[in-house]
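Enquirer: below is the structure, and that's it, no one-letter string:
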């Protein structure tokens, strides 16, 4: 796109509307200063693709989002600002082959503070969709292979479906006397099913359910990826595919109450299944069940070691679903635990870098959000970082393994901590 | 219980500058009027402004002049600390019940209930009401007046330290769908620029930084005021402030993006002033229901026609004037008070 393009450009007969509330209010032919045919085509394609794109038109370019974007904290040459991203995109100047499109970790802070409530995450998914499914640009290799794996194997790591819950056999407790209404179903998600570290959180969760004598079933090896992250990186078809497999699975197993371990799975089920939840499944995070069990005194907490604990809010809980107080209350109920708050916490928590496909990208050491997060935790003097999301757990654990200075902190899922603090009389 | 029935020609609901201006103009036309004011004194919001733009005269003096004229007139009756409780129209006469237990029979009603200032606490990123050195523009107006009286420097609330580094954040509670006010409040750019000039003129060593989104100094003399501010050294940075946080010594740290440079900026300031936007007056909903008149989605009252009947409403005999149909600077409010009186005089003439 250079000046000569502008001079020799023929004005093509491309009409696209600028819309307000879905209605075209005016039509004109040129919008972009440096518009050549390709930017016209891109903008046209985007506008046809989704109504969310039209939301970009109401951006004031105020920049309130930019200071909140976690990418600002990383010292890379090409810093990312949501404001700048919107401006480039709506002029059709975004480089679809570049890295910028993949830097967003979908934490949702920009969306939360935006004065005009621009659904930037939807726009981001739509743009990535253009690249992934319509071939409009370059997909990072690691994301490409993860998407392909989910499409063929139902998980991001090309693992066999049959090995998904091999380790879990014999742990289920759903006595025959329990009715379908009483039985709760657990959706593990790919991380706890395959990742050895995340599996420990699932084991802890299962142990809690066993102690509480809750009749539960784990969805069989038909369970596949929930389809949230794959949608957020733009592969709507694969997301749809896994969604339908899971839905059939829920129907077959007569699922009434479904607890999910990961906030990402929760987001998938709440967003994707909401419209067609035809047989009324109640979907909730397992954190909620654990919170209730502790609140009702079914799970009793004893004194755990004297430890300083910082809670790392998963973005999909704190920012997307406003689940902030419950995990903190659980921590406060454990004697010996001293809760510390990191610089960014609650609704303003800092993303671990794993969301929106970040977990499949290879961020270089020194450019990871998880490292900044660990630094923040060290500043509070915490011994343990507790979180409640397999992505956060994995991202933080990876960063911890990579650097000697982080070894002093321990990273735990809240279920693991609850199990450690449970009374003997429970047994 | 009704104490007595009082007959008059026009009732003006709201004793701010618009209401006063309307009453004075009606008086000049020989028409009786009654002003109902819910606060204990006349003068509305303007009586709290130490200086008004663009000519820096005192808001108090302006209000005083208006009130003097009202008090000198035998045709204007003022009732303070009172509000309308019910109104009905019988044979072309409005019978209005007021909280002083009197019933007023009038031919026409002029609604001049004005606006409300946005509660800056609702935009919690800025910590108004939490950090003492984050003040609203109204608070700053009071601080500037105190400085005027005592002479010397502008002092900040927390520890009385002189203010040398000052930041003004524009568009607080305006242009935000999230906070329910998607519109531009129109006058904040100008009054904030006026405040910046006042600070710079008193203390040329001070640094005043304005964080703005778009400068809308739209009227005659306003743009010149903006340019004068820049000549004085007021810095304008384009970008909405993301967050304010307090440092141990009471200073306030501000984070924003300079959107023209595309670069993050951080600054530490002695005092932050939030240029709060405006909303329709708190009683707007009640009054609209009481009088059976319409409001738009943004809460402001709807004119019968935007071009030809600027003061009329859907109800015959009820007229609108001032900032309740959209925010406007003081001089425009005075003008509307003036013009509504002409419209009402014509209406009364038709009724005869």
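Expert: Arrived safely. All of these numbers come straight from a predicted model, not from anything done at the bench.
Enquirer: isn't there a helix covering residue B:266?
Expert: No. Assigned with DSSP: H, G, I helix; E, B strand; the rest coil, residue B:266 falls outside any helix and is strand.
Enquirer: what sits against it?
Expert: Contact partners of residue B:266, counting by CB atoms under 8 Å, 6 or more residues apart in numbering or on different chains, are B:253-256. In short, each C-beta sits where N, CA and C put it, glycine included.
Enquirer: recalculate using a threshold of 6 Å.
Expert: Remark: with contacts taken as CB atoms under 6 Å, 6 or more residues apart in numbering or on different chains, residue B:266 is in contact with residue B:255.
Enquirer: which parts of the helix ranked longest in chain B are buried?
Expert: Identified as the longest helix of chain B according to DSSP state H is helix B:330-351. For helix B:330-351, the neighbour count (16 or more other CB atoms under 10 Å in any protein chain shown) marks B:330-341, B:343-345, B:347-348 as buried.
Enquirer: show me the strands in the stretch 301-427 of chain A, by range?
Expert: Ranges of strands in the stretch 301-427 of chain A, per DSSP state E, counting those that start in this stretch, are A:307-311, A:337-340, A:384-387, A:410-413.
Enquirer: I meant the stretch 1-150 of chain B, not that one.
Expert: Going by DSSP E, counting those that start in this stretch, the stretch 1-150 of chain B shows strands at B:5-7, B:10-13, B:33-36, B:76-79, B:84-90, B:93-98, B:103-106, B:108-111, B:115-117, B:134-136.
Enquirer: before we move on, back to that, and the contacts of the longest helix of chain B?
Expert: Everything outside helix B:330-351 that qualifies as a contact, by CB under 6 Å, 6+ apart, is B:10, B:17-18, B:21-22, B:25-26, B:29, B:46, B:52, B:92, B:107-108, B:110, B:311, B:319, B:321-322.
Enquirer: returning to that earlier point: which of the strands of the stretch 301-427 of chain A is buried the deepest?
Expert: strand A:384-387 (a mean of 26; mean count of other CB atoms under 10 Å in any protein chain shown).
Enquirer: what is the mean pLDDT for it?
Expert: Taken as a whole, strand A:384-387 carries a mean pLDDT of 94.
Enquirer: what sits up against that strand?
Expert: By CB under 6 Å, 6+ apart, strand A:384-387 touches A:307, A:309-312, A:377, A:393, A:409-412, A:414, A:417.
Enquirer: out of those residues, which comes closest to residue A:150?
Expert: The nearest member of the contacts of strand A:384-387 to residue A:150, counting by CB to CB, is residue A:393 at 20.1 Å.
Enquirer: domain assignment for chain A?
Expert: Per automatic domain parsing, the domain ranges recorded for chain A read A:3-134, A:141-293, A:300-426.
Enquirer: centre of the chain to the longest one, how far?
Expert: Relative to its chain's centre, domain A:141-293 lies at 15 Å (CA atoms, centre = their mean, to the nearest Å).
Enquirer: swap in stretch B:72-83?
Expert: 21 Å.
Enquirer: and the stretch 1-150 of chain A, which residues reach chain B?
Expert: Counting by CB under 6 Å from any CB of the partner chain, the positions of the stretch 1-150 of chain A adjacent to chain B are A:60-64, A:66-68, A:84, A:115-117.
Enquirer: strands of chain A, residue ranges please.
Expert: A:16-20, A:23-28, A:184-187, A:216-218, A:257-260, A:282-285, A:307-311, A:337-340, A:384-387, A:410-413 (DSSP state E).
Enquirer: of those strands, which approaches residue B:78 most closely?
Expert: Closest among the strands of chain A, once you apply CB to CB, is strand A:16-20, at 45.4 Å.
Enquirer: so what's residue 69 up against?
Expert: This is for chain A. For residue A:69, the contact set (CB under 6 Å, 6+ apart) comprises residue A:82.
Enquirer: looking at chain B here, not the other one
Expert: Listed by CB under 6 Å, 6+ apart, the contact set of residue B:69 reads residue B:24.
Enquirer: hang on, the earlier thing: I'd like the strands of chain A as JSON lines, with distance to residue B:294 appended.
Expert: JSON lines is the format used below for the strands of chain A (distance: least, CB to CB, whole Å):
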{"stretch": "strand A:16-20", "distance to residue B:294": "22"}
{"stretch": "strand A:23-28", "distance to residue B:294": "23"}
{"stretch": "strand A:184-187", "distance to residue B:294": "51"}
{"stretch": "strand A:216-218", "distance to residue B:294": "57"}
{"stretch": "strand A:257-260", "distance to residue B:294": "48"}
{"stretch": "strand A:282-285", "distance to residue B:294": "44"}
{"stretch": "strand A:307-311", "distance to residue B:294": "50"}
{"stretch": "strand A:337-340", "distance to residue B:294": "53"}
{"stretch": "strand A:384-387", "distance to residue B:294": "52"}
{"stretch": "strand A:410-413", "distance to residue B:294": "56"}
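Enquirer: out of these, nearest to residue B:210?
Expert: Residue B:210 lies closest to strand A:16-20 among those, at 30.5 Å (CB to CB).
Enquirer: identify the residue nearest residue 263 in space, chain neighbours excluded?
Expert: Using chain A. residue A:316 (3.6 Å; CB to CB, 6 or more residues apart in numbering or on different chains).
Enquirer: sorry, I should have been clearer: chain B.
Expert: residue B:257 (7.1 Å).
Enquirer: circling back: show me what contacts the residue nearest to residue A:263?
Expert: Residue A:316 makes contact with A:263-264, A:267 under the criterion CB under 6 Å, 6+ apart.
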